[in-house]
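1. what's the 3D shape of this:
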Amino acid sequence: MRLHVRGLGLPGDVATELWIVDGRISLEPVPGADTVFEGGWILPGLVDAHCHVGLGPHGAVELDEAIAQAETERDVGALLLRDCGSPIDTRSLDDHEDLPRIIRAGRHLARPKRYIPGLAADLDDESQLPDAVAEQARRGDGWIKLVGDWIDRGIGDLAPLWSDDVLKAAIDTAHAHGARVTAHVFGEDALPGLINAGIDCIEHGTGLTDETIELMVQHGTALVPTLINLENFPGIADAAVRYPKYAAHMRDLYDRGYRRVAAARDAGVPVYAGSDAGGTISHGRIADEVDALRRIGMTADEALGAACWDARRWLGRPGLDHGAPADMLCYSEDPRRGPDVLNQPDLVVLRGKVFRPRRT
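-> Predicted structure coming up:
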């Protein structure tokens with residue numbers, strides 16, 4: 001199958017012609033190609049940098065539901081997913097040429113009763129963390145996911161799960177295995193130990209302070225804030241009637257979450273888009289996260305880049321380059337206009353095959 005698309009390439013609104021042959025992009029004309037799109041905007045497939053394929057509102061899902069989740073992401077143009085921890089093995093989805101590409105972090109790593117039941121691999125002793133990281137590095141696709149903080153029922157509030165020395169040993173182990181490390185962190189106290197230990201990314205980051213933002217800048221630590229997940233914080237607080245300190249803390253994090261992420265972006269912390277789909281967030285919402293990033297002060301190009309070309313570069317995946325896999329989106333309207341447009345690509349090209357998404 002030989003295909004041809006013509007339009008304005010993003011970033012840059014550059015007049016662009018691309019040919020697709022054998023599932024890859026060619027910048028050189030290909031004789032006999034069918035023109036399947038012209039006259040609009042063309043961009044690389046979107047990236048959801050925090051997505052849980054295989055997780056539903058009640059925990060692990062069956063494989064057929066995980067496939068349906070991935071199809072939902074494909075139809076809104078999210079063609080590259082960084083799966084930040086899944087309770088099931090989704091590697092068989094790689095055999096489906098009609099599903100997005102997935103970069104896996106394996107299982108979450110946590111301590112007993114310090115995360116969502118059934119989701120993480122629980123370690124009885126924190127000294128097991130470096131060995132567990134090595135195991136997950138072998139199972140994943142270059143990323144490890146730690147639970148950095150969660151409610152400690154003994155103190156009734158968010159608290160770190162790991163000591164600083166163990167974190168340093170674990171993150172060094174991951175790097176020695178060629179893997180990067182990220183961590184779930186809502187509050188303030190876990191951040192210094194994680195950042196100083198050399199962690200590569202922070203998820204959520206609602207408890208960032210001026211001091212930890214400066215640490216992130218110094219260490220080159222990235223942030224995936226999952227801003228649309230902030231809307232769950234008041235409900236979490238309302239449900240925590242037995243833990244008033246924790247409830248008050250979650251409400252405070254909700255109140256200042258956008259300001260803290262904006263401060264991180266303004267200071268130069270690299271920020272990327274992730275929806276936290278799975279669990280309480282429905283799949284297919286990356287456009288809403290892009291819109292949320294605009295509300296912290298990002299320009300339309302910057303916010304879209306955080307879910308597209310910039311995120312691909314961060315994850316080591318190509319964009320609209322000669323010889324790159326043909327994963328791209330085509331829009332008759334400018335996708336920077338807002339989520340209603342971005343969420344409705346006219347054409348999805350995945351692995352060189354054309355999909356016309358189901359309209360909502």
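2. Mind listing residues that contact the helix or strand encompassing residue 223?
-> Here residue 223, judged by DSSP states H and E, is contained in strand 222-224. Outside of strand 222-224, the residues within contact range by Cβ atoms under 8 Å, 6 or more residues apart in numbering are 49-50, 84, 182, 200-205, 208, 216, 261, 264, 269-274, 314. Backbone N, C-alpha and C define where each C-beta goes, glycine included.
3. average pLDDT across it?
-> The pLDDT scores in strand 222-224 average 99.
4. What of stretch 103-119?
-> 94.
5. so how far is that stretch off the chain centroid?
-> What separates the centre of stretch 103-119 from the centre of its chain is 16 Å, taken as Cα atoms, centre = their mean, to the nearest Å.
6. The stretch 251-360 of the chain: helices as residue ranges?
-> 286-294, 300-305, 309-314, 339-342 (DSSP state H, counting those that start in this stretch).
7. Would you mind putting the CA coordinates of the third one into CSV?
-> Output for helix 309-314, consisting of C-alpha atoms alone and laid out as CSV, is shown next (Å, rounded to 0.1, in the frame of the first residue of the first chain):
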residue,chain,number,x,y,z
TRP,A,309,6.7,16.0,19.1
ASP,A,310,8.4,17.0,22.4
ALA,A,311,7.1,14.0,24.2
ARG,A,312,8.2,11.7,21.4
ARG,A,313,11.7,13.2,21.6
TRP,A,314,11.8,12.7,25.3
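8. now that helix: mean pLDDT?
-> 98.
9. Run through the neighbouring helices and strands of that helix.
-> Contact partners of helix 309-314 among helices and strands, from 3 or more Cβ pairs under 8 Å, 6 or more residues apart in numbering; DSSP states H and E: strand 34-44, strand 46-51.
10. got a list of contacts for the next helix or strand after the last one?
-> What that stands for is strand 46-51. Sequence-wise, the next helix or strand downstream of strand 46-51 (DSSP H and E) is strand 55-56. For strand 55-56, the surrounding residues in contact (Cβ under 8 Å, 6+ apart) are 61, 65, 86, 87, 119, 278, 279.
11. could you give the mean pLDDT of strand 55-56?
-> So the average pLDDT for strand 55-56 ends up being 93.
12. Could you spell out the sheet neighbours of that strand, each with its direction?
-> strand 59-60 (antiparallel) (DSSP bridges).
13. what's the average pLDDT for the partner strand?
-> Averaged over strand 59-60, pLDDT sits at 92.
14. Tell me the bridge partners for residue 202.
-> With DSSP bridges as the rule, residue 202 is bridged to residue 183, residue 223.
15. Contact partners for it?
-> Neighbour list for residue 202: 148, 182-183, 185, 191, 194-195, 208, 216, 221-224 [criterion: Cβ under 8 Å, 6+ apart].
16. Now the buried members of the residues you listed.
-> By neighbour count, with 16 or more other Cβ atoms under 10 Å, the contacts of residue 202 hold 148, 182-183, 185, 191, 194-195, 208, 216, 221-224 as buried.
17. Give the burial count for residue 262, as a bare number.
-> 17 (other Cβ atoms under 10 Å).
18. And for residue 27?
-> Residues near residue 27, counting by other Cβ under 10 Å, number 13.
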